[in-house]
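A.B. asks: Provided below are the primary sequence and the corresponding predicted coordinates.
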Amino acid sequence: MARAGWHLYDAYALGIQSGNITFWTAMVNEVIPPHTGQEVVLDYGCGDGQFLRLLYSMRPFSYGLGVDVNPVLLEKARRNRRENEPIEYATPASLDGIERKFDLVFSQEIFWMIADLEALAKTIYRVIKDKGEYYATMGCHIENPLWPHRRRLLTREGFCVFDYSLDEVADVFYRAGFEVGLKRLPVEYFNIYHPEFTPQRAQSLSRLVQTTHDHKMLFYFRRDEEWRREQEQKHQQ
């Protein structure tokens, strides 16, 4: 359920009109309490920065950092940020040397872009605090019947695309030290139709709804050093 007193139109009032907004709100609504407002947050693969602005509107935090490899999108993110939003944007290199800084980490559909998932998992494990949580959506996986169509489009657009199963992702992050959970992303708001974009991306509106509700997944990764020691002891027995 959406947080009491907050609605999708609150995001529109901030100038956030992204087509991913329904997925973002669903992800934020699944964040496990408690929430103090003092969290330090990382958005890995932030794009034009709108997710952190949405998150701050729904669940205010003390500081947020968005990182991305695209300098054009980072500049757009910096222009759109409002003065009252405690958010900065930088490249992933800004994480070098950082350890145990972030309470929460988020990513929206980045795994298909990552050649070395093990390196990503190790980076997130390093920068997140003990008991910290990483939430990541994934619809671009080989179990999704729409993925071959989306893969062709992305390849045609010049992207370097990597195929992963849900179990592959889970195994990589488990071996990096995380407790791993997975569920379908419970999307509350409507899928919005566009006469050109919808058929191109999802073949049809009905297919878009089906793949959204059946194959859009939310990973939960938790760094818990006590839990990790217990798991290592079990493997040694």
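C.D. replies: All right, it came through fine.
A.B. asks: which phi and psi does residue 104 have?
C.D. replies: The phi and psi torsions at residue 104 (degrees, to the nearest 10) take the values phi -130, psi 140.
A.B. asks: just list the residues touching it, thanks.
C.D. replies: With Cβ atoms under 8 Å, 6 or more residues apart in numbering as the criterion, the residues that contact residue 104 are 31, 39, 40, 41, 42, 61, 132, 133, 134, 135. Backbone N, C-alpha and C define where each C-beta goes, glycine included.
A.B. asks: repeat that with 10 Å
C.D. replies: The neighbourhood of residue 104, defined by Cβ atoms under 10 Å, 6 or more residues apart in numbering, consists of 31-32, 35, 39-43, 55, 59, 61, 64, 128-129, 132-135.
A.B. asks: equivalent analysis for residue 93, please.
C.D. replies: Taking Cβ under 10 Å, 6+ apart as the criterion, residue 93 is in contact with 67, 69.
A.B. asks: what about it, distance to residue 75?
C.D. replies: Residue 93 sits 16 Å away from residue 75 when distances are taken as Cβ to Cβ, to the nearest Å.
A.B. asks: how far away is residue 88 from residue 57?
C.D. replies: Residue 88 sits 17 Å away from residue 57 when distances are taken as Cβ to Cβ.
A.B. asks: tell me where this structure has helices.
C.D. replies: For the chain, the helices identified by DSSP state H occupy 8-13, 21-29, 50-58, 71-80, 117-127, 147-156, 166-175, 197-202, 205-215, 225-236, in order along the chain.
A.B. asks: just checking, residue 125 touches residue 173?
C.D. replies: Yes - the pair formed by residue 125 and residue 173 meets the contact definition of Cβ atoms under 10 Å, at 8.3 Å.
A.B. asks: mind showing which ranges of this structure have poor pLDDT?
C.D. replies: Within the chain, the set of residues satisfying pLDDT under 70 comprises 1-5, 237.
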